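# Quick one: sequence plus predicted model below, questions after.
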Amino acid sequence: MGSSERAEVIEFRLSESARAERPVLVVDFGGQYAQLIARRVRDARVYSELVSHRLTADEIARRDPVALILSGGPSSVYAEGAPLLDPAVLSLGIPTLGICYGMQLMARELGGSVESNDVAEFGKTELDAHDSVLFHDLPAEQTVWMSHRDAVVAPPPGATVTASSQVTPVAAFEDRSRALYGVQFHPEVVHTPHGQQLLKNFLYEVAGAAPAWTPAAVIEEQVERVRAQVGRERVICGLSGGVDSAVAALLVHKAVGDQLTCVFVDHGLLRENEAAQVVETFSGHFHVPLVHVDAQQRFLDRLAGVVDPEQKRKIVGEEFIRVFEDEARKLGDVRFLVQGTLYSDVIESGGEVGVAATIKSHHNVGGLPADMRMELVEPLRLLFKDEVRRVGEELGLPERLVWRHPFPGPGLAIRIIGEVTPERLEILRAADAVLLEEVRRAGLYRELWQCFAVLPAIRSVGVQGDERTYAYPIVIRAVTSEDAMTADWARLPYELLETISARMVNEIPGVNRVALDLSSKPPATIEWE
């Protein structure tokens, strides 16, 4: 499949032997929650694919989906250039659920009315639900998450209003005869407490989908795909020691065995003692062939004087590929490179369905050089982090690796806000080690999605031992999340923060101030760069 074709549709279908049921197609209209809908469907153990709104009715029919879900989106259905749907799709007889923009588009296409509200609804909203298929066995009064200004003011002919809020009289509708359903709120987000059950009602009761999709099915499919892609060729895997590259390596090793050689590049941007742990784990525990490349100076030379975060990411991504190409030639001109690219990486780097905005370039996606000479093997490309962990458990990956906090490919380079230098790396490593040690000691590590230290390349005045200091601050970043697409700042105990701050200032030369990041995502991202 060429890049132009990939821009039209994200496709991750199971083989006929592994797929017990037809897929649910989530049609993406550019909303940041589109991929989360697909994830929620998978949480219900029903296989889903995220596809472009540009697909025609014939193309959708050929995929034989068990159901369609129309996502939200940032546009108004009346705006020039707003993403639209082939009107014939709604006449295919496929059970369809429209969410937010998807509901509005459905209503408009079927003869209903959509208008701009005088008062917008953003955030938690109280909903009055009526007896219906979607709200079966759900409370009549419940909290939902709204995010809209336009709203359906009249449902399509033949549809019945099934829920309302104070601002939105038509907060949900259904047309059982045509299996068409719409909700103005977002059932896929955690802020809608009964949203997952509503989705299950649609999947199980309306669409008749069976909860049969499992990590074992993912493994079976990816093993088949890797074998088909690489044949008898040799493969190298860019191993970082994190859960993503570890699971990718084990999947590919399961598929091709000794054809795989893992290459661990120590770029000098890792956490404390990380390089030694990676070598021990994969050489000693998994007995996977491993080449350890010490390239610290090479990366530091390339990063010297660079402060722009996008440039840092691209430099690290390109240099990684160049190192891999060098090692591939030593191994006999290996043609294939395995990477642990995740779905969230793809989405934040601009997506593949042609409507998502670029949040930042990930080295696994946006930082790859245009003249790269190896073909990528990405068995995790359309999995979310929690799905990767379940696959890792299925493959027998040790718990300490499965639940390791995410670590970015560019490493500490994007946790130093400013130029990367050996001195700053040493300070940040020490601060990060203190933070993680105390968080683990407090028994909070598994409760957090991510916890790390950030070093802004600025200095502030302090006083230690009756002397003036001029040293760096350390920022603590700790968040809770389910998939990294949204995140909330973690409420760490004050006593823990006090201990962390005291240790950092007392034990790490060059640090005289500790701050706490209280930003959620959105509007901030989890990483600072």
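Yes, it's here. Numbers count the residues shown, from 1 in each chain.

# I'd guess Asn512 is in a strand, am I close?
Yes. Remark: Asn512 belongs to a strand, assigned using DSSP: H, G, I helix; E, B strand; the rest coil.

# Touching, it and Arg468? I think so.
No. Between Asn512 and Arg468 there is no contact under Cβ atoms under 8 Å: 9.8 Å. Every residue, glycine included, has its C-beta placed from N, CA and C.

# So these two - more neighbours on which side?
Asn512 (21 against 9; other Cβ atoms under 10 Å).

# With adjacent residues omitted, what lies nearest to the more buried one?
Gly462 (3.3 Å; Cβ to Cβ, 6 or more residues apart in numbering).

# Can you give me the buried ones in the helix or strand that contains that neighbour?
Assessed by DSSP states H and E, Gly462 sits inside strand 460-464. Buried positions in strand 460-464, judged by neighbour count with 16 or more other Cβ atoms under 10 Å: none.

# Ok, stretch 218-228 next?
For stretch 218-228, by 16+ other Cβ under 10 Å, it's 218-223, 225-226.

# go on, stretch 135-147?
Quick answer for stretch 135-147 (16+ other Cβ under 10 Å): 135, 138, 142, 144-147.

# Looking at these, spot the one nearest Ala179.
Phe135 (16.0 Å; Cβ to Cβ).

# Relative to Pro187, how far out is the closest residue to that closest one other than its chain neighbours?
With sequence-adjacent residues excluded and distances taken as Cβ to Cβ, 6+ apart, Phe135 is closest to Ala129, at 4.2 Å. From Ala129 across to Pro187, the span is 12 Å (Cβ to Cβ, to the nearest Å).

# What of Pro156?
Distance from Pro156 to Pro187, by Cβ to Cβ: 20 Å.

# before we move on, back to that, now the buried residues of stretch 135-147 in JSON lines, with distance to Ile458?
As requested, the buried residues of stretch 135-147 are exported to JSON lines (distance: Cβ to Cβ, whole Å):
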{"residue": "Phe135", "distance to Ile458": "53"}
{"residue": "Leu138", "distance to Ile458": "51"}
{"residue": "Gln142", "distance to Ile458": "47"}
{"residue": "Val144", "distance to Ile458": "43"}
{"residue": "Trp145", "distance to Ile458": "37"}
{"residue": "Met146", "distance to Ile458": "40"}
{"residue": "Ser147", "distance to Ile458": "36"}
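
# so what does the top helix by length along the chain touch, helix or strand wise?
Criterion DSSP state H: the longest helix present in the chain is helix 309-330. With contacts defined as 3 or more Cβ pairs under 8 Å, 6 or more residues apart in numbering; DSSP states H and E, helix 309-330 has these neighbours: strand 235-239, strand 260-266, strand 290-294, helix 296-303, strand 336-338.

# residue ranges with poor pLDDT in the stretch 151-300 of the chain?
241 (pLDDT under 70).

# Show me where it has its helices.
Along the stretch 151-300 of the chain, counting by DSSP state H, counting those that start in this stretch, helices occupy 195-200, 215-230, 243-256, 274-279, 296-303.

# most packed of these?
Among the helices of the stretch 151-300 of the chain, ranked by average contacts under mean count of other Cβ atoms under 10 Å, first place goes to helix 243-256 (a mean of 25).

# what's around Cys100, how many residues?
27.

# residues near the residue nearest to it when sequence neighbours are not counted, how many?
Of all residues not flanking Cys100 in the chain, Gly72 sits nearest, at 3.4 Å (Cβ to Cβ, 6+ apart). Using other Cβ under 10 Å, Gly72 is surrounded by 27 other residues.

# Was I right to think Gly72 contacts Ala34?
Yes. The criterion here is Cβ under 8 Å, and Gly72 meets it with Ala34 at 7.2 Å.

# What is the neighbour count of the closest residue in space to His253 that isn't next to it in sequence?
Nearest residue to His253, sequence neighbours excluded (Cβ to Cβ, 6+ apart): Leu260, at 5.1 Å. The tally of other residues near Leu260 (other Cβ under 10 Å) stands at 25.

# give the contact list for Leu260.
Leu260 makes contact with 234-237, 249, 252-253, 288-289, 338, according to Cβ atoms under 8 Å, 6 or more residues apart in numbering.

# Next up, the contacts around Leu300.
268, 420, 422.

# ok, Val24 - contacts?
Applying Cβ under 8 Å, 6+ apart, the residues near Val24 are 41, 46-49, 65-69, 203, 207, 209.

# And the residues you listed, which is closest to Thr96?
Leu68 (4.4 Å).

# Run through the bridge partners of that closest one.
Leu25, Thr96 (DSSP bridges).

# Correct me if wrong: it contacts Leu97.
Yes. If you go by Cβ under 8 Å, Leu68 and Leu97 touch, sitting 7.3 Å apart.

# Could you verify that Ala478 is part of a helix?
No. Read with three-state DSSP, Ala478 is strand and lies in no helix.

# What distance do you get for it to Ala433?
Distance from Ala478 to Ala433, by Cβ to Cβ: 15 Å.

# Next: Phe173.
55 Å.

# Neighbour count: those two, which is higher?
Phe173 (28 against 18).

# and that one, what does it touch?
103, 107, 112, 152, 155-156, 159-162, 181-182.

# The same query, at a cut-off of 7 Å, please.
Residues near Phe173 by Cβ atoms under 7 Å, 6 or more residues apart in numbering: 155, 159-162, 182.

# got CSV for the residues you listed, with distance to Asn117 too?
Formatted as CSV, those follow (distance: Cβ to Cβ, whole Å):
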residue, distance to Asn117
Pro155, 16
Ala159, 20
Thr160, 21
Val161, 16
Thr162, 19
Gly182, 16
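
# Return the closest of those with respect to Gly392.
Gly182 (37.4 Å).

# Just list whatever residues bridge to that closest one.
Those that pair with Gly182 in a beta bridge, by DSSP bridges, are Gly98, Phe173.

# Leu97 versus that one, what's the distance?
For Gly182 relative to Leu97 (Cβ to Cβ), the value is 7 Å.

# Trp145 now?
16 Å.

# what about Gly112, distance to Glu529?
45 Å.

# check contacts around Gln222.
251, 379.

# What separation is there between it and Gly30?
28 Å.
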